[in-house]
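Undergrad: pasting the sequence and the predicted model now:
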Amino acid sequence: MHLSIRSLYSYPIKSCAGIPHEQALIHTGGLEHDRHWVIVDAQGVFMTQRQVPRMVLIQPTLSDQGLMLRAPGVEDFVLPIAQDKEQAEATRVPVTIWGTPTLGADEGDEVARWLLGFLGIPCRLLRQHPQAQRIASLAHVQSWRARHADNTIPERHAFAFADGFPFLVTNYASLQELNHHLDAKGIPEIDMIRFRPNIVLDGLPAYDEDYLAGFRTGACTFAIVKPCARCPIPNVDPTSGLTAAEPGLTLAEHRLRAQGVLFGVNAVISPPAAGTYLRVGDTIELDYDI
């Protein structure tokens, strides 16, 4: 059985479209630029596909020119991403993500107008502020450290605007099993991008991720600290922005547990050396909880 990384994804703007990668620079805070931007409404509350499924149609890409935004029916918008400390401080905005306070830097009126034109909702785009120090759940990381001898996993993991942890890891075989159940109902198969993972593993049995303590690839060691309870976002079709009841209903039939309807796992990482990349096809070694 060959165990490897099947896919890599980042999502520069929280809840907007993702970017597949053949290779991706990795930090303790996640894949480079993952959820480094967030859209907030007129009250400063962060927005997601839960309330605004049309957000999935906004396709960010990063280039030497900056952050380019594309969406159906509107002109492309390029946001320069170079920003000095004085600019960042002048545009500093407090924002809370699922009860955790952090800091953003407002990206200005032009991109706010572009977002209003597409989403039809007054909103602002915030970038992660250089002084932001949002820390992944200490309770989950401390619990993992108490149960495992690996002392390379630190207690504190700063990250940007992802829901709760720097990494979401899924298993391709688990998607295949879900698609088997969907097919039995005459429902079209879905793609893994609906679950918005960062790292997709290949070669392990369906839902074996439930039993992993972590995994290693190259010089990177990941600790799996929590199963991921799913919200309705996988019910949003990423090609149309429309919502439906599936795959949520079918997933709930097979994956409802005490923590919720589970698919995928949240992870943190031992600090990688500067310039470390993950690559599609990289071999992985699994560590199971015992």
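TA: Structure's in. What do you need?

Undergrad: buried ones in the longest helix anywhere in the chain?
TA: Longest helix in the chain by number of residues (criterion: DSSP state H): helix 172-184. By 16 or more other Cβ atoms under 10 Å, the buried positions in helix 172-184 come out as Tyr172, Ala173, Ser174, Leu175, Glu177, Leu178, Asn179, Leu182. Where you see a C-beta, it was placed from the backbone N, CA and C, and this is true even at glycine.

Undergrad: likewise for stretch 233-250?
TA: Within stretch 233-250, the residues that count as buried by 16+ other Cβ under 10 Å are Ile233, Pro234, Asn235, Val236, Asp237, Pro238, Gly241, Pro247, Gly248, Thr250.

Undergrad: in helices, which of those appear?
TA: Those of the buried residues of stretch 233-250 lying in helices (DSSP H): Gly248, Thr250.

Undergrad: of the buried residues of stretch 233-250, which pair is most distant in space?
TA: Of all pairs drawn from these, the widest gap by Cβ to Cβ lies between Gly241 and Thr250 and measures 21.0 Å.

Undergrad: what is the end-to-end distance of stretch 72-89?
TA: End-to-end distance for stretch 72-89, by Cα to Cα, to the nearest Å: 33 Å.

Undergrad: brain fart, stretch 105-113
TA: Stretch 105-113 has its terminal residues 17 Å apart, counting by Cα to Cα.

Undergrad: mean confidence for that stretch?
TA: Mean pLDDT, stretch 105-113: 96.

Undergrad: got it, and stretch 203-217?
TA: Stretch 203-217 carries an average pLDDT of 97.

Undergrad: can I get it in CSV, CA atoms only?
TA: C-alpha atoms of stretch 203-217 as CSV (Å, rounded to 0.1, in the frame of the first residue of the first chain):
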residue,chain,number,x,y,z
GLY,A,203,-3.6,5.0,0.2
LEU,A,204,-5.2,4.5,3.6
PRO,A,205,-8.6,2.8,4.1
ALA,A,206,-11.8,4.8,4.3
TYR,A,207,-12.1,6.8,7.5
ASP,A,208,-8.9,5.4,8.9
GLU,A,209,-8.1,9.1,9.6
ASP,A,210,-10.4,8.7,12.7
TYR,A,211,-7.7,6.6,14.3
LEU,A,212,-4.5,8.5,13.4
ALA,A,213,-2.4,10.3,16.0
GLY,A,214,-0.5,12.0,13.1
PHE,A,215,1.6,11.5,10.1
ARG,A,216,5.0,12.4,8.7
THR,A,217,6.2,13.4,5.3
